[in-house]
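Novice: quick one, fold the following:
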Amino acid sequence: MSVLQATGLVRTYRAAGGDVTAVRGIDLAVSAGELVAIRGRSGAGKTTLLTMLGGLDAPTAGTVRIDGIDLYGRGGDALLGVRVASVFQGFGLVPILSAAENVEVPLRIRRTPAAERTRRVAAALDAVGLAEHAAQRPAELSGGQQQRVGLARALVAGPAVLLADEPTGQLDSETGAQIMALIARLVHEQGTAALVATHDATLLARADRVLELHDGRLRPAATGPEPAPASAAT
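Specialist: Coordinates of the predicted model:
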């Protein structure tokens, strides 16, 4: 059964020159342990789609279900029981917190007991190869290490769904390849349903399935290189 399921998603924004529809009737299903990559030129609607799937932006029409829970069917209360986590291009770490403290944030929000928090944080940092860097703050870590902390934070609470928006966008190619390999390994090992928006050929090659977003519509990706990016922002 699909862990993440979207049906008939539409997102329309009001603009001075008339309504703009960024996402047009998208249907999508992602299973546990499946890594799905979405590619598409800038402005195709990738970020809009991810924000709707993560419960951050209500669709104009359609439904999103995670673990069978309708994200937008019962107002804000529906989001309380949803196990979804995100990885950001800009890392999103709190500068004054150590790596371990950053990873611990989702567990504090869930009021996880202290002993359990300590165990889970240590295991998450070990899984991403940063056990020896637990006490360091983001400014003391490389870009690749910061993204590893972000990944550990996303996975520490055992989410059903992982959403990532250009997770290697600020990394060099070698470091990006390492992060992509890590994401693929952890998703498959932990049975997380993952959806990653990316232009990175390394992740596209590691994905179980590659989809393409074009003019707000989702379709299986054609073989060959991705179309050249447009000038518009995503």
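Novice: V94 against R108, yeah?
Specialist: No. In this structure, V94 sits apart from R108 without contact. The criterion is C-beta atoms under 8 Å, and the distance is 11.7 Å. The way it works is simple: take the backbone N, C-alpha and C, and place the C-beta from them, glycine included.
Novice: what helices or strands is the longest helix that the chain contains leaning on?
Specialist: Criterion DSSP state H: the longest helix present in the chain is helix 173-190. The helices and strands touching helix 173-190, judged by 3 or more C-beta pairs under 8 Å, 6 or more residues apart in numbering; DSSP states H and E, are strand 35-39, helix 143-155, strand 161-165, strand 193-197, helix 201-206.
Novice: what's the angle from that helix to strand 161-165?
Specialist: For helix 173-190 against strand 161-165, the angle between stretch directions is 170 degrees (axes from the mean of the first three to the mean of the last three C-alpha atoms, to 10 degrees).
Novice: alpha carbons of helix 173-190, as CSV, please.
Specialist: Extracted as CSV, the C-alpha positions of helix 173-190 are listed here (Å, rounded to 0.1, in the frame of the first residue of the first chain):
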residue,chain,number,x,y,z
SER,A,173,29.6,17.4,-7.2
GLU,A,174,31.7,15.0,-5.1
THR,A,175,30.0,15.9,-1.8
GLY,A,176,26.6,15.9,-3.5
ALA,A,177,27.2,12.3,-4.8
GLN,A,178,28.0,11.2,-1.2
ILE,A,179,24.8,12.8,0.1
MET,A,180,22.8,11.2,-2.7
ALA,A,181,24.2,7.8,-1.9
LEU,A,182,23.5,8.3,1.8
ILE,A,183,19.9,9.3,1.1
ALA,A,184,19.3,6.3,-1.1
ARG,A,185,20.9,3.9,1.5
LEU,A,186,18.9,5.2,4.4
VAL,A,187,15.6,5.4,2.6
HIS,A,188,15.9,1.7,1.6
GLU,A,189,17.2,0.6,4.9
GLN,A,190,14.6,2.4,7.0
